[in-house]
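Student: Whatever this is, show me its structure:
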Amino acid sequence: MDDSSNEAIIEEIIHTLTIFEDREMIKQRLSKFENIFDKSVLKKLSRRHYTGWGKLSAKLINGIRDEKSGNTILDYLIDDGVSNRNFMQLIHDDALSFKKKIKKAQIIGDKDNIKQVVQALPGSPAIKKGILQSIKIVDELVKVMGRRPESIVVEMARENQYTNQGKSNSQQRLKRLEESLKELSSKILKENIPAKLSKIDNNALQNDRLYLYYLQNGKDMYTGEELDIDRLSNYDIDHIIPQAFLKDNSIDNKVLVSSASNRGKSDDVPSLEVVKKRKTLWYQLLKSKLISQRKFDNLTKAERGGLSPEAKAGFIQRQLVETRQITKHVARLLDERFNNKKDEDNKTLRTVKIITLKSSLVSQFRKDFELYKVREINDFHHAHDAYLNAVVASALLKKYPKLEPEFVYGDYPKYNSFRERKSATEKVYFYSNIMNIFKKFISLADGTVIERPLIEVNEETGESVWNKVADLNTVRKVLSYSQVNIVKKVEEQNHGLDRGKPKGLFNANLSSKPKPNSKENLVGAKEYLDPKKYGGYAGISNSFAVLVKGTIEKGAKKKITNILEFQGISILDRITYRKDKFNFLLEKGYKDIDLIIELPKYSLFELSDGSRRMLASILSTNNKRGEIHKGNQIFISQKYVKLLYHAKRISNTFNDNHRKYVENHKKEFEELFYYILEFNENYVGAKKNGELLKSAFQSWQNHSIDELCSSFIGTTGSERKGLFELTSRGGAADFDFLGVKIPRYRDYTPSSLLKDATLIHQSVTGLYETRIDLGKLGED
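Tutor: Numbers count the residues shown, from 1 in each chain. Next comes the predicted model:
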């Protein structure tokens, strides 16, 4: 620890333990240090996880100095004399220069290197890559429009890490139940199985009603009565903190009950009377770990006064505005990029509004108007979500301009927003009904139906903000467009193995340090780690490829032949290549080089028939071989999207609506099947697989609805896309279709791209393109 040369290694270990939560991923990341630490040390490290990022970057804590004293923040923390100030006091003390320097460092001008700014942010590499791409997209759109936008709505997708973790957790439901029910001495999991199911497994437990039934040991959480496992669809799923105040659909906020009315008031947590009767049952479930401490605390909240009006308003406000740190970083970067001018009072002039909105509002909007999202079909849903965020945010701010301080980054209420309204009750009612401006009719809990005006207006200005027919029709029209710009980021590969199919960093095994005098070439796991000391990656893959037009000598007679071909540039060779491209290629045997075009991974090509391919790899051992990926996106009409939405959810045993819809529209599967086959014929080219699919589909009428649905779109909780594995952009994957194994269709002949393809260099938005006809390049 005291050796400064180990600082970079220690920093990387801390980085890994903070970024990654999955233990297997941590083990793989730490495996590169096997030559430095004992296995027992690495094992202990892999069990650690640091939560959250602190404010203490190395530069902040020990890199900036006070102008008068010359001390760093760390110097003051070690010895500050009688003042004994803490970190926050030091960085806000006007007598020191830290505050001024920190503020200056946060300002981003047009000429600053945005990449460096993003890299300095806390977060995983994947998130930083997304942030950088987002800012580049905004910059290019401003260029296309020729003016600055009035507002930018930030919509952030969740990081894969958390998504995968969520999937992993959901797959552990059975294990959790087995352990907890054993602790409770309950045999309900073995003795009570629904008649519709032959066994209880993780897939069955994805149904929340069934899972809650077992978590509650088969009892109604409000009355304590036994629930009938074969009548679960007749029971209510009640939200402990009502959804009017908190859109929390987690298991921690749900209970299965015979009637939600047994809770007491519908706008509060379960009543004190219910708590007194059921607290013993809830405590037993808590001790057995069938419910969490948070769930227990919310169930018993009436003992502590229930939900105050202020708490209700707070719940709702937090749902409106995106609060995750990473979104705040993006908002700050954009705000400083566009709003860097100040008025005479030194206040920021915000000419571009940076709006962050909770994604749950768009989810609610989709649900209310049946704007179905099926991720497996294509990548359009990312653009659609961003568009819907803009639609919702724009309408809400026009209708309620006083909400601006709560949505717009950098604007803070100059009034107590809670107290300004006539009463706390009015404030709560306002927030809980904010999305009602989009609806024609509103149903209240007592059965009352209220009709809202067709056109919503701003009460102060009279401006029309939402037309419930015309504007919704526009939204549906936009979501039905068959063309959406999808741009795959091209990149140089930095790590991996080249054994016919290049692999990424986390699939590649590190090799130990080479023996003395060994000729083995390794790439260091990091630039600062010498592979001769610490080992590295062997079987090096190519970093990128180049397209070379020139001549080579062929055969024993060394006949001069004109060529246009790909050449892989390995990770080891790229520095040499960059120093002198022509000399590097001359040493490879090329002569009279007329043209060199660099091709990073995922470079896009379009063939004369309209099909697109992405160059995934060129083998370093044979530049005639490599792999190309599918590059087209399939588009299907909304009626098929709706069919697939219900088909994906048909395994929901206790909600018959999905099954009923699919049964009533079963014939549409046949139409969709032949549409997908036509797309395969025109754009994918997996003709043998097409024949296999045709043969399998001949007996489709004889298969169950469940088999049909899983074959087309996969099942809930599964990463498989069913038939859409055939059409999805990117690498191929095998899949099962109506009981027939369909092998992956892979294309290992990138040289086929040279015959009649057009190379397409896309800008980050895809709105600018440079096209090079490769067929004409090969002409004399």
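
Student: domain assignment for this structure?
Tutor: Domain ranges of the chain: 4-121, 164-315, 357-479, 638-747, per automatic domain parsing.

Student: worst average pLDDT in the ones you listed?
Tutor: Across the domains of the chain, the stretch with the lowest average pLDDT is domain 4-121; it has a mean of 75.

Student: Quick one: name whatever helix or strand follows the host helix or strand of Leu585.
Tutor: Under the criterion of DSSP states H and E, Leu585 resides in helix 581-587. Using DSSP H and E, the next helix or strand after helix 581-587 towards the C-terminus is strand 591-599.

Student: Run me through the strand neighbours of that next one, direction for each.
Tutor: Listed by DSSP bridges, the sheet partners of strand 591-599 and their directions read strand 542-554 (antiparallel).

Student: Centre of the chain to the strand it pairs with, how far?
Tutor: A distance of 37 Å separates the centroid of the chain from that of strand 542-554, by C-alpha atoms, centre = their mean, to the nearest Å.

Student: Let the chain start at 493 from now.
Tutor: New numbering, starting at 493: the last item is strand 1034-1046.

Student: For Lys628, grab the count of nearby residues.
Tutor: Residues lying near Lys628 (other C-beta atoms under 10 Å) number 16. The C-beta positions use only the backbone N, C-alpha and C, and glycine is treated the same way.

Student: Regarding it, which helix or strand does it belong to?
Tutor: Taking DSSP H and E as the definition, one finds Lys628 inside helix 617-637.

Student: Check which helices and strands that helix is in contact with.
Tutor: Identification of packing neighbours for helix 617-637 by 3 or more C-beta pairs under 8 Å, 6 or more residues apart in numbering; DSSP states H and E yields helix 606-611, helix 817-830.

Student: residues making contact with stretch 1076-1096?
Tutor: 980-985, 1036-1045, 1052, 1055, 1058-1059, 1065, 1068-1069, 1073-1074, 1104-1109, 1121, 1123, 1251-1254, 1264, 1269 (C-beta atoms under 8 Å, 6 or more residues apart in numbering).

Student: cool, stretch 628-647 as well?
Tutor: By C-beta under 8 Å, 6+ apart, the list of residues contacting stretch 628-647 reads 606, 814, 819, 822-823, 826, 829-830, 843-849, 851, 854, 877-878, 881-882, 885-886, 1255-1257, 1259-1260.

Student: Please apply the same query to stretch 941-956.
Tutor: When contacts are defined by C-beta under 8 Å, 6+ apart, stretch 941-956 is touched by residues 887, 890-891, 893, 928-929, 931-936, 957-961.

Student: Only the buried subset of these, as a ChimeraX command please.
Tutor: Selection of the buried residues among those in ChimeraX, burial being defined by 16 or more other C-beta atoms under 10 Å:
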select :887,890,891,929,931,957,958,960
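
Student: In helices only, show me the contacts of stretch 941-956.
Tutor: Of those, the ones assigned to helices by DSSP state H are 887, 890-891.

Student: follow-up on the earlier one: would you mark the buried spots in the helix holding Leu1077?
Tutor: Residues of helix 1073-1079 classed as buried by neighbour count (16+ other C-beta under 10 Å): 1073, 1076-1077.

Student: List just the nearest of those residues to Ala587.
Tutor: When those are ranked by distance to Ala587 (C-beta to C-beta), Lys1073 comes first, at 56.2 Å.

Student: if we can go back for a sec, possible to save the helices and strands packed on helix 617-637 as CSV with mean neighbour count?
Tutor: Shown next, in CSV, are the helices and strands packed on helix 617-637 (neighbours: other C-beta atoms under 10 Å):
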stretch, mean neighbour count
helix 606-611, 16
helix 817-830, 19
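
Student: With distance to Ser1004 as added columns, please give those helices in JSON lines.
Tutor: Formatted as JSON lines, the entries for the helices and strands packed on helix 617-637 read as follows, by distance: least, C-beta to C-beta, whole Å:
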{"stretch": "helix 606-611", "distance to Ser1004": "31"}
{"stretch": "helix 817-830", "distance to Ser1004": "37"}
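
Student: mind checking the SS state of the residue nearest to Gln708 when sequence neighbours are not counted?
Tutor: In space, not counting the residues next to it along the chain, Gln708 is nearest to Leu748; the distance is 6.1 Å by C-beta to C-beta, 6 or more residues apart in numbering. The three-state label for Leu748, taken from DSSP: H, G, I helix; E, B strand; the rest coil, comes out as strand.

Student: Identify the residues contacting Leu748.
Tutor: Here Leu748 is in contact with 701, 704-705, 708, 712-713, 719, 724, 727-730 (C-beta under 8 Å, 6+ apart).

Student: Keep only those of those residues that are in helices.
Tutor: Secondary structure of the contacts of Leu748 is defined by DSSP H; positions in helices are 701, 704-705.

Student: most neighbours, which of these?
Tutor: For the ones in helices among the contacts of Leu748, counting by other C-beta under 10 Å, the largest number of neighbours falls to Tyr705: 23 neighbours.

Student: which of the residues in stretch 1262-1272 are buried?
Tutor: The neighbour-count criterion (16+ other C-beta under 10 Å) identifies 1264, 1266 as the buried residues of stretch 1262-1272.

Student: List the contacts of it.
Tutor: Identification of contacts with stretch 1262-1272 by C-beta under 8 Å, 6+ apart yields 1039, 1041, 1054, 1056, 1087, 1089, 1097, 1245-1253.

Student: gap between Lys1179 and Ser616?
Tutor: Relative to Ser616, Lys1179 is positioned 41 Å away (criterion: C-beta to C-beta, to the nearest Å).

Student: can you check Pro686 too?
Tutor: As for Pro686, its distance to Ser616 is 41 Å (criterion: C-beta to C-beta).

Student: Compare the two (neighbour count), which wins?
Tutor: Taking other C-beta under 10 Å, Pro686 and Ser616 do not tie; Pro686 has more neighbours (19 against 16).

Student: Enumerate every residue touching Phe1074.
Tutor: Residues counted as contacts of Phe1074 (C-beta under 8 Å, 6+ apart) are 1085, 1088.

Student: at 6 Å what do you get?
Tutor: Going by C-beta atoms under 6 Å, 6 or more residues apart in numbering, Phe1074 touches Ile1085.

Student: can I get the ones in helices among the contacts of stretch 941-956 in a markdown table with distance to Arg968?
Tutor: Shown next, in a markdown table, are these (distance: C-beta to C-beta, whole Å):
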| residue | distance to Arg968 |
| --- | --- |
| Ala887 | 15 |
| Lys890 | 20 |
| Lys891 | 21 |
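
Student: about what we covered before: and the helix holding Lys628, average pLDDT?
Tutor: 87.

Student: Can you list the buried residues in it?
Tutor: Counting neighbours by 16+ other C-beta under 10 Å, one finds that the buried residues in helix 617-637 are 619-620, 622-624, 626-630, 632, 634.

Student: now do stretch 1180-1191
Tutor: With burial defined by 16+ other C-beta under 10 Å, the residues of stretch 1180-1191 counted as buried are 1181-1182, 1184-1185, 1188-1189.

Student: Appreciated, that's everything.
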